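Asker: Pasting a predicted model and its sequence here:
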Amino acid sequence: MKIFEKPIFAFGSAKDQYFLLLKKPSVIGNHYITPKEWLQNSKTVISFFLPFSEAVRKGNKKELFWPSSEWLHGRIEGQIFLNELCSHLKSKLMEEGYDSVVPSLDKRFWTVKFPGSSDHPELSFTSNWSERHVGFICGLGSFGLSKGLIAQKGVAGRIGSIVTELYLSPDDRKYKKIYEYCIMCGKCAKNCPSRAISIENGKDHIACARFLDRTSVRYKPRYGCGKCQVEVPCEFKIPKENC
């Protein structure tokens, strides 16, 4: 089964002031590591989106509660492929003399789920590098109600990034608002099996995480959901009209 379509790339400046804004407690927090902190002489942040194939997306529409086999493989094996792709691109950049870092694969990277479940008990549902926020800053896309990133090829897919010394001309952000590409139709909220999404309150990360834990038991060694990414206007494109 084909997992991904052709990727979309976006380039951001490692010194973009938006990265410093992520350190604000109201955004992510001071624990966030900026590109310059990952790699002192970095010049560019490469962000890319791998859209899920039609087979993966179609499979997850068979029923709107438990994830499909296609989606589970896209989520787990797809992420394995994405990690290998990041490592490959990093090695090619370094072969050309440009020091590079893949933050999500670096030993300094960490992520936290439930409160008190890590070495950072004061934090919950956060990390010191966010692929979605990086994608937003680099011009890849804007956020949606489900907190996914809506790129030119939609919300259904996976995101990766590399911080490098190679200079690449930064892409323009074609949006000014955080949720500019989201039409707030509420379809993702209706699809959510754990009722973790609402137009009024946004996303309940605890409810979402608990449902994912249920899938990890049911489908071990895989887990996933993705119902907020299929049967929605932003599934494979930027929505243009109200649904």
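Answerer: Arrived safely. Numbers count the residues shown, from 1 in each chain.
Asker: Could you give the number of residues near E95?
Answerer: E95: 8 surrounding residues under other C-beta atoms under 10 Å. To be clear about C-beta, it is placed using only N, CA and C from the backbone, and glycine gets the same treatment.
Asker: Any figure for the gap between it and L168?
Answerer: 17 Å (C-beta to C-beta, to the nearest Å).
Asker: cool, I178 as well?
Answerer: 24 Å.
Asker: so where is this structure shaky, pLDDT-wise?
Answerer: Within the chain, the stretches with pLDDT under 70 are 241-243.
Asker: For it, which segments are assigned as strands?
Answerer: Counting by DSSP state E, the segments of the chain that form strands are 8-13, 44-51, 100-101, 111-112, 126-127, 141-143, 149-151, 157-164, 197-198, 202-203.
Asker: For W38, give me its contacts.
Answerer: W38 is in contact with 101, 103, 106, 108, 129, 163, counting by C-beta atoms under 8 Å, 6 or more residues apart in numbering.
Asker: What distance do you get for it to R218?
Answerer: For W38, the distance to R218 - C-beta to C-beta - is 36 Å.
Asker: same question, E77
Answerer: Distance, E77 to R218, using C-beta to C-beta: 18 Å.
Asker: check contacts around L93.
Answerer: 100, 162, 164, 166.
Asker: Now the third one: closest residue in space that isn't a chain neighbour?
Answerer: Excluding the flanking residues, the one nearest T164 by C-beta to C-beta, 6 or more residues apart in numbering is S100, at 4.0 Å.
Asker: Distance-wise, check the one you found relative to H133.
Answerer: 20 Å.
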